[in-house]
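A.B. asks: Give me a 3D structure for the following:
(4 chains)
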There are 2 protein chains.
Amino acid sequence: MARAKKIPSTTVSRLSVYVRALQKLRNEAVVTTSSEKLAEQVGLTAAQIRKDLAYFGQFGVPGRGYYVENLHNELAMILGINRRWEVALAGVGHLGYALLAYNGFKKQGFDVVVAFDKDPAKIGQTWEGVKIYDIAEARHVLPECGAEIGIIAVPAASAQEACDALVAGGLKSILSFAPGRIIVPPDVTVKRVELAMELEWLSYYATNIGERG
Amino acid sequence: MARAKKIPSTTVSRLSVYVRALQKLRNEAVVTTSSEKLAEQVGLTAAQIRKDLAYFGQFGVPGRGYYVENLHNELAMILGINRRWEVALAGVGHLGYALLAYNGFKKQGFDVVVAFDKDPAKIGQTWEGVKIYDIAEARHVLPECGAEIGIIAVPAASAQEACDALVAGGLKSILSFAPGRIIVPPDVTVKRVELAMELEWLSYYATNIGERG
DNA sequence: GGGAATATGTGAAAAAGTTATCAAATAACC
DNA sequence: GGTTATTTGATAACTTTTTCACATATTCCC
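C.D. replies: Numbering: from 1, shown residues only, chains lettered A, B, ... in the order given. Sure thing, here's the model as predicted:
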């Protein structure tokens, strides 16, 4: 992989959007598409799409466009989703359970294979086919189960502790639903999703009508 | 509100971060802080924070910094979160139920007051104190219950239908957890959170180690 | 009250990201 | 096989966002 330039994080996010759009086209047995049509489909500009793809190589055919299946495969490979990922879940409260049972993850190749919690009443149980361990055991359990991605769905107050446990177990990629900053070693990537924050964003635009471009 | 310039969406998102940080400081009875200290706390640069605040006015005291409580109140007012918001939820599956039971929303002043679903087995029931109506009834139910923000937690295939129903009920601000684009009238704001997409982002960085700035 | 220290707010510079433009490449058609 | 119509990929122009740097304002202390 001889890519030199660093890729904007916004481009990576849009890659997911393209993959989703291409999946849809493939299901509809569409063979080719174009940056113009894709742009229309996902609500971006054609130039944006071509620019994004250009970071990674040349996938199109001038005069013709892109072969749906080919481009889908290429992008899936770039994103690293042409495989199955095993996921560890920390926190089996309401949100954690919802994530455990969420079909959208499995459909995209992300499989929760192990869960952790602090609650003795939950430890040892099996939910949705996933066994729940004591979070304190993560450092021992994780290396044996192959999970590479962690999801933190514990209350903010326990988030750092949960994260430390996952990192101690060897995870380097973590998706956190807990509000607030989490400190991790430099080789660990944390992506945060703060649900209340998304609502606050809406609140802002609802309060200040018309401020949006 | 005599703001002329339009505010970057990234700035609005960071406002939420600042509010959260200030809440924490307030709980710790800290009276003043500075852009430098806040920056350290949230993991941004001091200049960034000052620039963000500058869009909205002058809140600091040169030589002293910011009064925690004052700045918190100002930002909460700007974000429109110095009040209670009533929220309508579409889709009471696993994810929907988790959101219904999620404390983080209520703590920040977002209260789910009504829910909708298509499943006859759920319609008419009351979960977590919230009554579930037929989504088809949204246009009649919503105007009576005062909800201003909608959350879509239905499968992708029903997302457009659910959104249409919420919009028909008068909602202008919608948070969608469904993958894919949703078409709405221009005066309706949709914020999307795609959980699988966040994992794909992690997958990318896990696959292409060291590509991150 | 005056002087030193501190931290803001802002304008200018730099960096990053997006959009527009166009030459080059390919396909479709006659 | 040559001509026309498409559509890419790349470069350039533009816009937005972030960082830098410093004059200005305020506090604190003597």
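
A.B. asks: For the longest strand anywhere in chain A, C-alpha coordinates in CSV please.
C.D. replies: Taking residue count as the measure and DSSP state E as the definition, the longest strand of chain A comes out as strand A:110-117. Taking only C-alpha atoms (Å, rounded to 0.1, in the frame of the first residue of the first chain), the coordinates of strand A:110-117 have been written out as CSV:
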residue,chain,number,x,y,z
PHE,A,110,-19.0,-6.6,12.9
ASP,A,111,-19.7,-9.4,15.3
VAL,A,112,-19.9,-8.9,19.1
VAL,A,113,-18.3,-12.0,20.4
VAL,A,114,-17.7,-11.1,24.1
ALA,A,115,-19.2,-8.7,26.6
PHE,A,116,-18.0,-7.3,29.9
ASP,A,117,-19.8,-5.6,32.8
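
A.B. asks: so where do the helices sit in chain A?
C.D. replies: Listed in chain order, the helices of chain A (DSSP state H) span residues A:9-27, A:35-42, A:46-54, A:68-79, A:94-101, A:103-107, A:138-145, A:156-168, A:195-207.

A.B. asks: ok, so what distance separates the nearest residue to residue A:155 once chain neighbours are set aside from DNA strand C?
C.D. replies: Nearest residue to residue A:155 in three dimensions, chain neighbours excluded: residue A:178, at 6.9 Å (CB to CB, 6 or more residues apart in numbering or on different chains). For every residue, glycine as well, the C-beta is placed using N, CA and C. Using CB to the nearest atom of the strand, to the nearest Å, we find residue A:178 at a distance of 25 Å from DNA strand C.

A.B. asks: For residue A:178, give its distance to residue B:177.
C.D. replies: Using CB to CB, to the nearest Å, one gets 18 Å for the distance from residue A:178 to residue B:177.

A.B. asks: can you list the residues of chain A near DNA strand D?
C.D. replies: Applying CB under 7 Å from any atom of the strand, one finds that chain A approaches DNA strand D through A:34-36, A:46-47, A:50-51, A:53-54, A:58-66, A:213.

A.B. asks: mind redoing it with 10 Å?
C.D. replies: Taking CB under 10 Å from any atom of the strand as the measure of proximity, chain A contacts DNA strand D at A:32-39, A:46-66, A:71, A:213.

A.B. asks: Can you flag the buried ones in those residues?
C.D. replies: Among those, those buried by neighbour count (16 or more other CB atoms under 10 Å in any protein chain shown) are A:32-35, A:37-39, A:48-50, A:52-53, A:56, A:59-60, A:65-66, A:71.

A.B. asks: and stretch A:184-194 with chain B, contact?
C.D. replies: Yes: part of stretch A:184-194 sits close enough to chain B to count as contact by CB under 8 Å from any CB of the partner chain, namely A:189, A:191, A:193-194.

A.B. asks: For the residue nearest to residue A:155, give me its contacts.
C.D. replies: For residue A:178, the residues meeting the contact criterion (CB atoms under 8 Å, 6 or more residues apart in numbering or on different chains) are A:152-156, A:158-159, A:162, A:192.

A.B. asks: any residue of stretch A:72-90 up close to DNA strand C?
C.D. replies: No: applying CB under 10 Å from any atom of the strand, one finds stretch A:72-90 out of contact with DNA strand C, separated by at least 16.3 Å.

A.B. asks: Then stretch A:201-212?
C.D. replies: No: using CB under 10 Å from any atom of the strand, stretch A:201-212 stays clear of DNA strand C, coming no nearer than 14.0 Å.

A.B. asks: With just CA atoms, put that stretch into PDB.
C.D. replies: Included here for stretch A:201-212 are C-alpha records, laid out as PDB according to Å, rounded to 0.1, in the frame of the first residue of the first chain:
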ATOM      1  CA  TRP A 201     -26.700  20.100  17.800                       C
ATOM      2  CA  LEU A 202     -30.300  19.800  16.800                       C
ATOM      3  CA  SER A 203     -31.300  22.000  19.600                       C
ATOM      4  CA  TYR A 204     -29.000  24.700  18.400                       C
ATOM      5  CA  TYR A 205     -30.400  24.700  14.900                       C
ATOM      6  CA  ALA A 206     -34.000  24.500  16.200                       C
ATOM      7  CA  THR A 207     -33.300  27.500  18.500                       C
ATOM      8  CA  ASN A 208     -31.400  29.600  15.900                       C
ATOM      9  CA  ILE A 209     -33.600  29.000  12.900                       C
ATOM     10  CA  GLY A 210     -32.000  29.700   9.600                       C
ATOM     11  CA  GLU A 211     -28.400  29.900  10.800                       C
ATOM     12  CA  ARG A 212     -27.600  26.800   8.700                       C
END
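
A.B. asks: how close does the closest residue to residue A:18 other than its chain neighbours get to residue B:200?
C.D. replies: By the measure of CB to CB, 6+ apart, the closest residue to residue A:18 outside its immediate chain neighbours is residue A:75, 5.8 Å from it. In this view, residue A:75 and residue B:200 are 10 Å apart by CB to CB.

A.B. asks: With residue A:140 instead?
C.D. replies: Plainly put, residue A:140 is 29 Å away from residue B:200 if you go by CB to CB.

A.B. asks: Those two: which has the busier surroundings?
C.D. replies: In this comparison of residue A:140 against residue B:200, neighbours counted by other CB atoms under 10 Å in any protein chain shown, the higher total goes to residue B:200 at 25 against 12.

A.B. asks: Pull the contacting residues for that one.
C.D. replies: Contacts here follow CB under 8 Å, 6+ apart; on that basis residue B:200 touches A:15-16, A:19, A:79, A:81, A:108.

A.B. asks: Can you tell me which one of these carries the smallest pLDDT value?
C.D. replies: In this model, the minimum pLDDT among these belongs to residue A:108 (93).

A.B. asks: That one and residue B:201 touch, don't they?
C.D. replies: No: at 11.9 Å, residue A:108 does not count as touching residue B:201 under the criterion of CB atoms under 8 Å.
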